[in-house]
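Q: Predicted model, plus sequence, below.
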Amino acid sequence: MTVARAQVDDVIAAADFRAALRRFLRRSERVARQSGLTPQRYLLLLMIKGAPGGAEQSTVTELAGRLQLAQSTVTELVSRAEEAGLVARAQSQADARVAHLRLTEEGERRLEQAFTGLAAERDNLRSAFAHLDGALPLQ
């Protein structure tokens, strides 16, 4: 099978993007660990702080959707982060069955450290997106 030159260029662009994404993920793991967080805890804190609408809080159900994990997995992750002093729960005023999760001061501090340490990586990833966007035709 022969691949047309345009397709080869698309494959190269997609491969370059995947390599940049993988570098970003590996660097994120290292920076998270340097900040005293597991990669999973870093993502948890990031998703809580970066909740849609700027609320800086989330529920387990919302986190399960955003992280693409089972609710039981997120519940365990939240419990461990709570035990580590990174996350605090507050009962919803509207529905007592719902707990809103917020970062503690320590959670804020560690997230800030990791997030700041990844600024250059985010710039590199934005550049990779822009390159991919310009290289691949819309389908």
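A: Received it, and whenever you're ready, just let me know what you need.

Q: Can you check which helix is longest in the protein?
A: Ranked by residue count and defined by DSSP state H, the top helix of the chain is helix 5-34.

Q: Would you mind listing the buried residues in that helix?
A: Going by neighbour count (16 or more other C-beta atoms under 10 Å), the buried part of helix 5-34 is 10, 13, 17, 20, 24, 27-28, 31-32. From N, CA and C alone the C-beta is placed, and that goes for glycine too.

Q: So what's the gap between it and the chain middle?
A: On the basis of C-alpha atoms, centre = their mean, to the nearest Å, helix 5-34 is displaced by 16 Å from the centre of the chain it belongs to.

Q: residue ranges with poor pLDDT in this protein?
A: For the chain, the stretches flagged by pLDDT under 70 are 1-6, 133-139.

Q: hey, where'd the helices end up in it?
A: Under DSSP H, the chain gives helices at 5-34, 39-49, 60-67, 71-83, 105-117, 119-135.

Q: and of those, who's closest to Gln91?
A: In terms of C-beta to C-beta, the element of the helices of the chain nearest to Gln91 is helix 60-67, at 13.1 Å.

Q: list the buried ones in that closest one?
A: Within helix 60-67, judged by 16+ other C-beta under 10 Å, the buried ones are 60, 62-64, 66-67.

Q: middle-most residue in this protein, spatially?
A: Compute the mean C-alpha point of the chain, and by C-alpha atoms, centre = their mean the closest residue is Leu43, 4.4 Å away.
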